[in-house]
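**Q** pasted the sequence and its predicted model underneath.
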Amino acid sequence: MSVKSVRYYIYLKDVLLLSVTAFGGPQAFLAMVLDIMVRKRAYISEEELWELNALCQVLPGPTSTQTISAIGYRIGGPNLAYLSLFVWILPATLLMISAAFLIDFLQENTPGALNFAKFIQPMAIGFIIYAAQKTIFKMVRTPEATMLMMFSAFISFFYNSPYVFPLLLVVGGVTTSLKFRSQPVEEGDKKLVISWSNFFLWAGVLVFAALLGALTKNQSVLLFENFYRNGSLIFGGGQVLVPYLYTEFVEFKKFLSSQEFLTGYGISQGIPGPTFSISSYVGALSMREYGIPGLLTGGFIAAAGIFLPGTFLIFFVIRFWDQLKKYRPVRAALEGINAVSCGMLIAAAYLLFEPLDNNLFNVMAIFGTYLLLQFSKLSSPVIIIIGVLAGIGYNWVF
């Protein structure tokens, strides 16, 4: 085995280690990548890591997954990048498909069995409120951004169609790009040299899946197109994915109940790996009518659909990002896109609360989860475990 092959093998083993130990969201993930891949292995420099992560944050798709793929691309090109993507998402995908199996089995065989998630469902909203607060304080810093956030929240609440969200993102980006003169001028050659192959790959898959789905009406194809489209539009991380999935698969298509969705979201907060893995849970339950093969197919199709577009886009942009970021309208547009994403989060918190019983129990569970996240040092998995145990205890006593 060559030195290069050994290095690739060690890198994939490190990615697998991350996939089963990276609890706690993007901050914990970055800390582990910095420790293992920069300081211990020296795959890339610390400066390169921050630059790659910043690039991934301004692209649609799952930031942690794109960062892992981009590091693999820098080390060994596209083949290693795709392998690292597979290794990174597989454990979380399998866990969330297993969760879908469990929930479906309990629903079919033990009516009322989801009472064990009595605490988990309102707790999931507490997680969203906490994520919204963190995201808003980080991304909304100007009066224009605040107005866009409020406008987006209003529209998302009253017109919660999956087709409205992409339009809002475009409006937000165009609005703030118009004030590009407030951005500092970057020195250097601004001539762009672009290799379009990965862009055409991304766009080609999107158009082909949409056309094939429209022609065949095959549920597997339609499901892939749904998740691929969502993966192409999500800015702001896994928490921003929630309103998209809830609107499309609960409100619009009614493939899942609100109770099932909130239970799955709560479970996803307690497992390692990418937060976008909730897509596998939603995809699996969307095809439960086809039995075990349907659950498996739906889960893996959803994973492929949600993770592939961000990977194609990072491969496309990474080659000319240094030139692109010098364009002031591009940098200015990000402010509006981020503000709109924050507005969607606010709407999501309310829309997810709406189906729950409006009682003191649920309000206290939401508020208590937020306080634990904000003021305690307990990790998300520990908080979720506490919620599950509390739900089991409640059922046993009452």
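**A** Ah, there it is.
**Q** so P60 touches L313, yeah?
**A** Yes. With contact defined as Cβ atoms under 8 Å, P60 reaches L313; the gap is 6.7 Å. In this view, the C-beta of every residue, glycine as well, is placed from N, C-alpha and C.
**Q** and for those two, which residues touch both?
**A** The contact sets of P60 and L313 overlap at S232 (Cβ atoms under 8 Å, 6 or more residues apart in numbering).
**Q** please report phi then psi for L178.
**A** Dihedral angles of L178 (phi, psi; degrees, to the nearest 10) stand at phi -70, psi -20.
**Q** chain neighbours aside, what residue packs nearest to it?
**A** The shortest distance from L178 to any non-neighbouring residue, by Cβ to Cβ, 6 or more residues apart in numbering, is to A332 (7.7 Å).
**Q** the one you found contacts G172, correct?
**A** No. Using Cβ under 8 Å, A332 is not in contact with G172; the gap is 11.2 Å.
**Q** compare the two (neighbour count), which wins?
**A** G172 (28 against 19; other Cβ atoms under 10 Å).
**Q** give me the helices and strands touching the host helix or strand of that one, please.
**A** According to DSSP states H and E, G172 maps onto helix 164-177. Helix 164-177 sits against helix 143-158, helix 328-353, with contacts defined as 3 or more Cβ pairs under 8 Å, 6 or more residues apart in numbering; DSSP states H and E.
**Q** cutoff 10 Å now
**A** The criterion is 3 or more Cβ pairs under 10 Å, 6 or more residues apart in numbering; DSSP states H and E, and the helices and strands that helix 164-177 contacts are helix 143-158, helix 219-231, helix 238-245, helix 328-353.
**Q** surely F200 touches L313?
**A** No. Using Cβ atoms under 10 Å, F200 is not in contact with L313, being 11.9 Å away.
**Q** what about the two, which has more around it?
**A** Taking other Cβ under 10 Å, F200 and L313 do not tie; L313 has more neighbours (21 against 11).
**Q** next up, phi/psi of the more buried one, please.
**A** Taking degrees, to the nearest 10, you get phi -70, psi -40 for the backbone angles of L313.
**Q** ok, now how distant is it from L222?
**A** Going from L313 to L222 by Cβ to Cβ, to the nearest Å gives 22 Å.
**Q** T297 and A284 touch, don't they?
**A** Yes. Between T297 and A284 there is a contact under Cβ under 10 Å: 8.4 Å.
**Q** neighbour count winner among these two?
**A** A284 (30 against 17).
**Q** count of neighbours near R181?
**A** Neighbour count for R181, taken as other Cβ under 10 Å: 9.
**Q** any chance you could map the strands in the stretch 251-398 of the chain?
**A** Along the stretch 251-398 of the chain, no segments are classed as strands by DSSP state E, counting those that start in this stretch.
**Q** in it, where is pLDDT below threshold?
**A** Across the stretch 251-398 of the chain, the ranges flagged by pLDDT under 70 are 321-326, 395, 397-398.
**Q** at 50 instead, please
**A** Across the stretch 251-398 of the chain, nothing is flagged by pLDDT under 50.
**Q** got the residue ranges for the helices in it?
**A** For the stretch 251-398 of the chain, the helices defined by DSSP state H, counting those that start in this stretch cover 258-268, 278-286, 291-317, 321-324, 328-353, 360-375, 380-397.
**Q** give the buried residues for the last one.
**A** For helix 380-397, the buried set under the neighbour-count rule, 16 or more other Cβ atoms under 10 Å, comprises 380, 383-384, 386-388, 390-391.
**Q** how is the chain partitioned into domains?
**A** Following automatic domain parsing, one finds the domains of the chain at 3-84, 96-397.
**Q** now those as TSV including distance to L90?
**A** Output for these, formatted as TSV (distance: least, Cβ to Cβ, whole Å):
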stretch	distance to L90
domain 3-84	7
domain 96-397	9
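**Q** can you tell me the SS state at P60?
**A** The assignment at P60 comes out as coil when based on DSSP: H, G, I helix; E, B strand; the rest coil.
**Q** just checking, it touches L206?
**A** No. Taking contacts as Cβ under 10 Å, P60 lies outside contact range of L206: 11.8 Å.
**Q** so what sits against both of these two?
**A** When Cβ atoms under 10 Å, 6 or more residues apart in numbering defines a contact, the residues bordering P60 and L206 alike are 231-232, 309.
**Q** most neighbours, which of these?
**A** When those are compared by neighbour count (other Cβ under 10 Å), G231 ends up highest, at 29 neighbours.
**Q** show me the longest helix that occurs in this protein.
**A** Taking DSSP state H as the criterion, the chain has its longest helix at helix 63-109.
**Q** next structured bit after that one?
**A** Using DSSP H and E, the helix or strand that follows helix 63-109 towards the C-terminus is helix 120-139.
**Q** distance check, S177 against E335.
**A** From S177 to E335 the distance is 9 Å (Cβ to Cβ).
**Q** let me fix that: L206
**A** The value you get for L206 to E335, if Cβ to Cβ is used, is 26 Å.
**Q** for A365, same thing?
**A** Taking Cβ to Cβ, one finds A365 at 35 Å from E335.
**Q** just S19 next, same as before
**A** Distance from S19 to E335, counting by Cβ to Cβ: 33 Å.
**Q** same check on Y244?
**A** For Y244, the distance to E335 equals 21 Å [Cβ to Cβ].
**Q** so T142 sits against T175, correct?
**A** No. Between T142 and T175 there is no contact, the gap being 11.5 Å when judged by Cβ under 10 Å.
**Q** and those two? Which one has more around it.
**A** Shown here are T142 and T175; by other Cβ under 10 Å, T175 has more neighbours (21 against 13).
**Q** need the contact list for the more buried one.
**A** Contacts of T175 (Cβ under 10 Å, 6+ apart): 144-145, 147-148, 151, 332-333, 335-337, 339-340.
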